[in-house]
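In: Predicted model follows, preceded by the sequence.
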Amino acid sequence: MKKQLEILLERLEDVENPSVAEEQYSTPPALAAELLILAFLHGDIANRTVYDLGSGNGILAIGAKLLGAKEVIGIERDRNAIKVAIENSQKLGVEVEFRRCDVRTLHARGDTVVMNPPFGAQRKNRHADRAFLRKAFEIASVVYTIHNAGSEPFLRTFVHPASILRFPTSFSMRRRFWFHKRDKKQIAVDLYRMNL
(Lines give C-alpha, C1' and ligand atoms only; values in the text may rest on other atoms or scores of the structure.)
Protein backbone atom coordinates (compact mmCIF):
# COMPACT_ATOMS: atom_id res chain seq x y z
CA MET A 1 0.00 0.00 0.00
CA LYS A 2 2.78 2.46 0.91
CA LYS A 3 4.71 1.80 -2.31
CA GLN A 4 1.56 2.20 -4.42
CA LEU A 5 0.83 5.55 -2.77
CA GLU A 6 4.43 6.68 -3.26
CA ILE A 7 4.26 5.81 -6.98
CA LEU A 8 1.12 7.93 -7.37
CA LEU A 9 2.63 10.84 -5.44
CA GLU A 10 5.75 10.76 -7.63
CA ARG A 11 3.55 11.91 -10.52
CA LEU A 12 2.90 15.28 -8.87
CA GLU A 13 4.53 18.44 -10.19
CA ASP A 14 6.70 20.55 -7.93
CA VAL A 15 6.35 24.28 -7.29
CA GLU A 16 8.62 26.27 -9.60
CA ASN A 17 10.79 29.07 -8.22
CA PRO A 18 10.36 28.19 -4.54
CA SER A 19 11.14 30.77 -1.88
CA VAL A 20 14.16 30.07 0.31
CA ALA A 21 12.91 32.63 2.87
CA GLU A 22 9.62 30.71 3.17
CA GLU A 23 11.53 27.39 3.32
CA GLN A 24 9.53 25.91 0.46
CA TYR A 25 10.99 22.42 0.42
CA SER A 26 8.69 19.88 -1.18
CA THR A 27 7.94 16.79 0.85
CA PRO A 28 9.52 13.83 -0.97
CA PRO A 29 6.95 11.23 -2.14
CA ALA A 30 8.51 8.45 -0.02
CA LEU A 31 8.34 10.58 3.14
CA ALA A 32 4.81 11.79 2.34
CA ALA A 33 3.67 8.19 1.84
CA GLU A 34 5.32 7.16 5.10
CA LEU A 35 3.55 9.89 7.08
CA LEU A 36 0.19 9.25 5.43
CA ILE A 37 0.26 5.46 5.83
CA LEU A 38 1.19 5.94 9.50
CA ALA A 39 -1.86 8.20 9.90
CA PHE A 40 -4.05 5.79 7.95
CA LEU A 41 -3.00 2.81 10.07
CA HIS A 42 -3.83 4.77 13.23
CA GLY A 43 -7.35 5.42 11.88
CA ASP A 44 -6.75 9.14 11.40
CA ILE A 45 -7.34 9.46 7.63
CA ALA A 46 -10.22 7.33 6.28
CA ASN A 47 -13.60 9.07 6.64
CA ARG A 48 -11.98 12.00 8.47
CA THR A 49 -11.75 15.73 7.77
CA VAL A 50 -8.05 16.36 7.21
CA TYR A 51 -6.23 19.69 7.07
CA ASP A 52 -2.81 20.08 5.44
CA LEU A 53 -1.09 23.21 6.76
CA GLY A 54 1.43 24.78 4.36
CA SER A 55 0.26 22.41 1.64
CA GLY A 56 2.75 23.48 -1.05
CA ASN A 57 2.21 21.34 -4.15
CA GLY A 58 -0.55 19.44 -2.32
CA ILE A 59 1.28 16.15 -1.80
CA LEU A 60 0.02 15.42 1.73
CA ALA A 61 -3.50 16.69 1.03
CA ILE A 62 -3.82 14.68 -2.18
CA GLY A 63 -2.38 11.59 -0.54
CA ALA A 64 -4.88 11.87 2.32
CA LYS A 65 -7.74 12.00 -0.17
CA LEU A 66 -6.35 9.00 -2.04
CA LEU A 67 -6.43 7.10 1.28
CA GLY A 68 -10.13 7.79 1.78
CA ALA A 69 -10.37 11.04 3.75
CA LYS A 70 -13.93 12.34 3.76
CA GLU A 71 -12.80 15.93 3.20
CA VAL A 72 -9.34 17.44 2.72
CA ILE A 73 -8.47 21.13 2.95
CA GLY A 74 -5.00 22.37 2.02
CA ILE A 75 -3.93 25.71 3.49
CA GLU A 76 -1.24 27.63 1.63
CA ARG A 77 -0.44 31.32 1.29
CA ASP A 78 1.57 31.08 -1.93
CA ARG A 79 -0.72 31.65 -4.93
CA ASN A 80 1.60 29.78 -7.31
CA ALA A 81 1.77 26.76 -5.01
CA ILE A 82 -2.04 26.61 -4.86
CA LYS A 83 -2.22 26.65 -8.65
CA VAL A 84 0.20 23.70 -8.82
CA ALA A 85 -1.68 21.85 -6.05
CA ILE A 86 -5.00 22.22 -7.86
CA GLU A 87 -3.45 20.95 -11.10
CA ASN A 88 -1.92 18.02 -9.19
CA SER A 89 -5.24 17.06 -7.58
CA GLN A 90 -6.92 17.15 -10.98
CA LYS A 91 -4.14 15.02 -12.45
CA LEU A 92 -4.82 12.29 -9.88
CA GLY A 93 -8.59 12.75 -10.06
CA VAL A 94 -9.23 13.66 -6.42
CA GLU A 95 -11.23 16.50 -4.96
CA VAL A 96 -9.25 18.59 -2.50
CA GLU A 97 -10.11 22.12 -1.43
CA PHE A 98 -7.12 24.47 -1.42
CA ARG A 99 -7.46 27.79 0.41
CA ARG A 100 -5.10 30.73 0.15
CA CYS A 101 -4.54 31.75 3.73
CA ASP A 102 -1.82 32.38 6.28
CA VAL A 103 -2.11 29.54 8.82
CA ARG A 104 -2.00 32.04 11.69
CA THR A 105 -5.31 33.60 10.59
CA LEU A 106 -7.13 30.34 9.86
CA HIS A 107 -10.28 29.47 11.82
CA ALA A 108 -11.27 25.85 11.24
CA ARG A 109 -12.10 22.51 12.85
CA GLY A 110 -11.19 19.07 11.62
CA ASP A 111 -10.24 15.60 12.77
CA THR A 112 -6.58 15.39 11.71
CA VAL A 113 -3.81 17.76 10.66
CA VAL A 114 -0.92 16.63 8.46
CA MET A 115 1.97 18.97 7.73
CA ASN A 116 5.56 19.49 6.82
CA PRO A 117 6.03 22.90 8.44
CA PRO A 118 8.98 25.21 7.87
CA PHE A 119 11.75 24.15 10.26
CA GLY A 120 12.64 27.77 11.03
CA ALA A 121 16.16 27.43 9.60
CA GLN A 122 16.11 30.82 7.85
CA ARG A 123 16.76 33.85 10.04
CA LYS A 124 13.61 35.60 8.80
CA ASN A 125 11.58 32.48 9.49
CA ARG A 126 12.77 31.62 13.02
CA HIS A 127 10.23 29.66 15.06
CA ALA A 128 7.84 29.35 12.09
CA ASP A 129 7.15 25.78 13.18
CA ARG A 130 5.63 27.07 16.41
CA ALA A 131 2.88 28.97 14.59
CA PHE A 132 2.06 25.81 12.64
CA LEU A 133 1.98 23.67 15.79
CA ARG A 134 -0.26 26.12 17.65
CA LYS A 135 -2.70 26.29 14.76
CA ALA A 136 -2.65 22.53 14.20
CA PHE A 137 -3.88 21.88 17.74
CA GLU A 138 -6.54 24.59 17.42
CA ILE A 139 -7.90 22.68 14.40
CA ALA A 140 -7.64 19.05 15.51
CA SER A 141 -6.66 16.85 18.42
CA VAL A 142 -4.47 14.61 16.21
CA VAL A 143 -1.45 16.06 14.39
CA TYR A 144 1.13 14.42 12.13
CA THR A 145 4.21 16.50 11.45
CA ILE A 146 7.82 16.36 10.26
CA HIS A 147 10.63 18.01 12.24
CA ASN A 148 14.41 17.93 12.39
CA ALA A 149 15.81 14.93 14.23
CA GLY A 150 16.33 15.83 17.86
CA SER A 151 13.20 18.01 18.13
CA GLU A 152 11.41 15.71 20.56
CA PRO A 153 12.45 17.53 23.79
CA PHE A 154 11.21 20.83 22.34
CA LEU A 155 7.94 19.25 21.16
CA ARG A 156 7.32 17.57 24.52
CA THR A 157 7.57 20.98 26.18
CA PHE A 158 5.77 23.01 23.50
CA VAL A 159 2.76 20.73 22.98
CA HIS A 160 2.47 19.46 26.57
CA PRO A 161 0.30 17.53 27.55
CA ALA A 162 -0.01 15.90 24.11
CA SER A 163 0.85 12.25 23.73
CA ILE A 164 3.78 11.98 21.29
CA LEU A 165 4.97 9.09 19.15
CA ARG A 166 8.25 9.58 17.26
CA PHE A 167 9.28 7.73 14.11
CA PRO A 168 12.88 8.40 12.95
CA THR A 169 13.34 8.61 9.17
CA SER A 170 15.09 10.77 6.60
CA PHE A 171 14.25 13.59 4.22
CA SER A 172 15.76 13.12 0.78
CA MET A 173 16.37 16.72 -0.24
CA ARG A 174 17.08 17.47 -3.87
CA ARG A 175 19.16 20.45 -4.97
CA ARG A 176 16.62 23.28 -4.82
CA PHE A 177 18.42 26.51 -4.04
CA TRP A 178 21.63 28.19 -5.16
CA PHE A 179 23.49 27.37 -1.93
CA HIS A 180 22.93 23.60 -2.19
CA LYS A 181 26.21 21.90 -3.01
CA ARG A 182 24.98 18.41 -3.93
CA ASP A 183 22.21 17.07 -6.15
CA LYS A 184 20.74 15.10 -3.26
CA LYS A 185 21.24 15.09 0.49
CA GLN A 186 19.72 12.92 3.22
CA ILE A 187 18.63 14.83 6.29
CA ALA A 188 17.69 13.01 9.49
CA VAL A 189 14.13 13.92 10.47
CA ASP A 190 11.41 12.53 12.67
CA LEU A 191 7.76 11.94 11.92
CA TYR A 192 5.52 12.62 14.86
CA ARG A 193 2.02 11.58 15.77
CA MET A 194 0.75 13.87 18.51
CA ASN A 195 -2.65 13.83 20.09
CA LEU A 196 -4.40 15.58 22.95
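Out: Yep, that arrived.
In: next helix or strand past the worst-scoring helix or strand of the chain on mean pLDDT?
Out: Scoring the helices and strands of the chain by mean pLDDT, DSSP states H and E places strand 163-174 at the bottom, with a mean of 85. Next helix or strand after strand 163-174 toward the C-terminus (DSSP states H and E): strand 184-195.
In: That following strand to strand 163-174, inter-axis angle?
Out: If you take axes from the mean of the first three to the mean of the last three Cα atoms, to 10 degrees, strand 184-195 sits at 160 degrees to strand 163-174.
In: Pull out the buried positions in strand 184-195.
Out: 189-195 (16 or more other Cβ atoms under 10 Å). Where C-beta positions appear, they are placed from N, C-alpha and C, glycine not excepted.
In: Find the nearest non-adjacent residue to the residue nearest the centre of the chain, please.
Out: The centre of the chain sits closest to residue 115, judged by Cα atoms, centre = their mean, with a distance of 2.6 Å. The spatial neighbour of residue 115 that comes closest, neighbours along the chain excluded (Cβ to Cβ, 6 or more residues apart in numbering), is residue 53 at 4.3 Å.
In: So in that sheet, which strands flank the least confident helix or strand of the chain, and in what orientation?
Out: Take DSSP bridges as the rule and strand 163-174 pairs in its sheet with strand 184-195 (antiparallel).
In: picking up where we left off before, quickly list what the residue nearest to the centre of the chain is bridged to.
Out: In beta-bridge terms (that is, DSSP bridges), residue 115 pairs with residue 53, residue 145.
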